[in-house]
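> task: produce atomic coordinates for the following.
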Amino acid sequence: MIAMKLSGAEVLGTLLCLVFALLTGCHGVSGYPREEGHLVIVGGGLKDDNAAVFNRFVELCAPGPIGMIPIASGDGIAAGESTAERWRKYSGTRPVIVIPLTQNDSAKSDDPEIAKLIASCGGLWFTGGDQSRVVKVLRPEGRRSACLAACFGVLGRNGVIGGTSAGAAIMSDPMILGGQSRGRATRDPDETESTVRFGPGLGFLSGPLTDQHFLERGRMGRLVDALNATHIGTGVGIRENSALVVHRADGTCEPIGRRAVCVIQVQPPLQNSNVSTARLSVLSTGDRLTLGTGLATPAVGLAPGKPRVSSGPDMRIGPLLDAKKVADPWEMRTMEASLELFTGGPATVMRENDRIEVTLSADTNSKVFLDPTGARPPCLLNLSLMFRPAVKAMPLPAAK
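As a prediction, this is how the structure comes out:
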């Protein structure tokens, strides 16, 4: 062995190089963990003719069959077989198989033969149903089972994992189990606290929370409540028959669909107030998102719009261009109509019922990008989202 004497500067330089190598080996430039594989997260209601989603999933598969995992479904293997038939229309010569795991198969989660079958797949698809069933089977007693480790092995071979509805919820850790936000019209009017419920997820997606059926079931307020409760900064809500494709190596994402993805980044509440505040971006096919930085960019060909901006920390004192009483501010038609108004650049849109007041506003940090052909909705970046309990009118004094 040849001994080498290094100077102090050389020792320091060597240590810095080692630290840099360790850091860059674990994280990309954006700060997103550098991991292998891809995710295709569908917000539920995937239609058989949505070739864009099916084909993108197949393109991202590693060598091997596509495996259907029907644990979330109450129909078990039958649900897996039905889902497999849908996928065979798009898989070409690639086999589509059903992984023999159901909600009642926790004891099989460490079965080496099933784990080997999962590991042989180039892509895995989790069906809809109840997301808690998936975690109960694949994370018994909170640990990573052999079958779950095999799922991560598919990603490690640069394969793809996808899922719809419950199969979307399981992507994050923690995950949303259910419940509603404050202010939903269907909630008990005397309830003031959020009823959003959480549990451990599978953790295929690093960082943000995921929510599904997002616009269709009016879950924007639910996701904000969930982010505040878990102290997670960013959430992605995916609408039905739409997807978010995540490339885990660098955290870049592709939305697929019309208003496919709502990205919510919570902010500290206003001082001495009960106001919840967040930033909202709404992305469609062609737009891009980078997790870690939260940077979103519009599709090629969109033209910058010029939204008028509000003034003041409380957007209600800015120029209020549209205010309406509605049954439910989060309801899909109401929310989509509100977002559509930003095509013309309103400063503030407010919707309220007897429970909650929701304000959407463009300020100096917001950007709107328009499609000159009108074929797709605007790309909306960094809108201000605020909501607070509605101010209830005081009852009139009783007549004497």
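
> residue boundaries of the strands in the stretch 301-400 of the chain?
Listed in chain order, the strands of the stretch 301-400 of the chain (DSSP state E, counting those that start in this stretch) span 303-304, 322-325, 348-352, 356-361, 367-370, 379-389.

> so can I have CSV of those showing mean neighbour count and mean pLDDT?
Quick note: C-beta positions are derived from backbone N, CA and C, even for glycine. Shown next, in CSV, are these (neighbours: other C-beta atoms under 10 Å; pLDDT from 0 to 100):
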stretch, mean neighbour count, mean pLDDT
strand 303-304, 11, 93
strand 322-325, 13, 86
strand 348-352, 22, 91
strand 356-361, 24, 92
strand 367-370, 20, 94
strand 379-389, 23, 92
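
> those strands: which one's closest to Cys262?
strand 379-389 (9.3 Å; C-beta to C-beta).

> off-centre distance for the closest one?
What separates the centre of strand 379-389 from the centre of its chain is 17 Å, taken as C-alpha atoms, centre = their mean, to the nearest Å.

> between that strand and strand 356-361, how many degrees?
150 degrees (axes from the mean of the first three to the mean of the last three C-alpha atoms, to 10 degrees).

> now do strand 379-389: which elements does it pack against?
Contact here means 3 or more C-beta pairs under 8 Å, 6 or more residues apart in numbering; DSSP states H and E; on that basis strand 379-389 packs against helix 220-230, strand 276-283, strand 356-361, strand 367-370.

> closest to Gly80 out of those?
That would be helix 220-230 among the helices and strands packed on strand 379-389, by C-beta to C-beta, at 29.2 Å.

> mind putting the helices and strands packed on strand 379-389 in JSON lines, distance to Cys262 included?
Formatted as JSON lines, these follow (distance: least, C-beta to C-beta, whole Å):
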{"stretch": "helix 220-230", "distance to Cys262": "7"}
{"stretch": "strand 276-283", "distance to Cys262": "5"}
{"stretch": "strand 356-361", "distance to Cys262": "12"}
{"stretch": "strand 367-370", "distance to Cys262": "15"}
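
> so which of these is nearest Tyr90?
strand 276-283 (24.0 Å).

> pipe the strands of the stretch 301-400 of the chain into a markdown table and attach distance to Gly142 per row.
A markdown table is the format used below for those (distance: least, C-beta to C-beta, whole Å):
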| stretch | distance to Gly142 |
| --- | --- |
| strand 303-304 | 48 |
| strand 322-325 | 46 |
| strand 348-352 | 41 |
| strand 356-361 | 35 |
| strand 367-370 | 42 |
| strand 379-389 | 34 |
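
> where does Val137 sit: helix, strand or coil?
The three-state label given to Val137 by DSSP: H, G, I helix; E, B strand; the rest coil is helix.

> show me what contacts it?
Neighbouring residues of Val137 by C-beta atoms under 8 Å, 6 or more residues apart in numbering: Ile71, Leu101, Thr102, Gln103, Asp105, Ser106, Lys108, Ser109, Ser145, Cys147.

> do I have it right that the fifth one meets Ile71?
Going back to what we said before, that points to Asp105. Yes - under the criterion of C-beta atoms under 8 Å, Asp105 is in contact with Ile71, at a separation of 7.5 Å.

> hang on, the earlier thing: the strands of the stretch 301-400 of the chain: which one's closest to Val154?
Nearest to Val154 among these is strand 379-389 (32.4 Å), distances taken as C-beta to C-beta.

> got the angle for that closest one vs helix 220-230?
Put simply, strand 379-389 runs at 80 degrees to helix 220-230, going by the same axes, to 10 degrees.

> and the angle for strand 379-389 with strand 276-283?
Using the same axes, to 10 degrees: strand 379-389 against strand 276-283 is 150 degrees.

> what strands line up against strand 379-389, and which way round?
If you go by DSSP bridges, strand 379-389 pairs up with strand 276-283 (antiparallel), strand 356-361 (antiparallel), strand 367-370 (antiparallel).

> which residues does the residue positioned nearest the centre of the chain contact?
In the chain, the centroid-proximal residue (C-alpha atoms, centre = their mean) is Val236; its distance is 2.7 Å. Val236 makes contact with Ile41, Pro208, Leu209, Thr210, Asp211, Leu244, Val261, Cys262, Val263, Ile264, Leu289, according to C-beta under 8 Å, 6+ apart.

> is it in a bridge, and if so with what?
Under the criterion used (DSSP bridges), Val236 bridges to Thr210, Val263.

> distance check, it against Val135.
In this view, Val236 and Val135 are 19 Å apart by C-beta to C-beta, to the nearest Å.

> swap in Met175?
In this view, Met175 and Val135 are 8 Å apart by C-beta to C-beta.

> which neighbours do the two share?
Common neighbours of Met175 and Val135 (criterion: C-beta under 8 Å, 6+ apart): Gly199, Pro200, Gly201, Leu202.

> please name the nearest non-neighbouring residue to the third one.
Going back to what we said before, that points to Gly201. The shortest distance from Gly201 to any non-neighbouring residue, by C-beta to C-beta, 6 or more residues apart in numbering, is to Met175 (3.2 Å).

> right, and the one you found touches Val196 too?
No - under the criterion of C-beta under 8 Å, Met175 makes no contact with Val196, lying 11.2 Å away.

> next, count neighbours for the residue nearest to Asn228 when sequence neighbours are not counted.
Excluding the flanking residues, the one nearest Asn228 by C-beta to C-beta, 6+ apart is Val266, at 5.8 Å. Using other C-beta atoms under 10 Å, Val266 has 22 other residues around it.

> now the helix or strand containing Val266: buried residues?
Using DSSP states H and E, Val266 sits within strand 261-267. For strand 261-267, burial by neighbour count (16 or more other C-beta atoms under 10 Å) applies to Val261, Cys262, Val263, Ile264, Gln265, Val266.

> for Gly323, which non-adjacent residue is spatially closest?
One thing to correct before we go on: residue 323 is Ala, not Gly. The shortest distance from Ala323 to any non-neighbouring residue, by C-beta to C-beta, 6+ apart, is to Met350 (4.3 Å).
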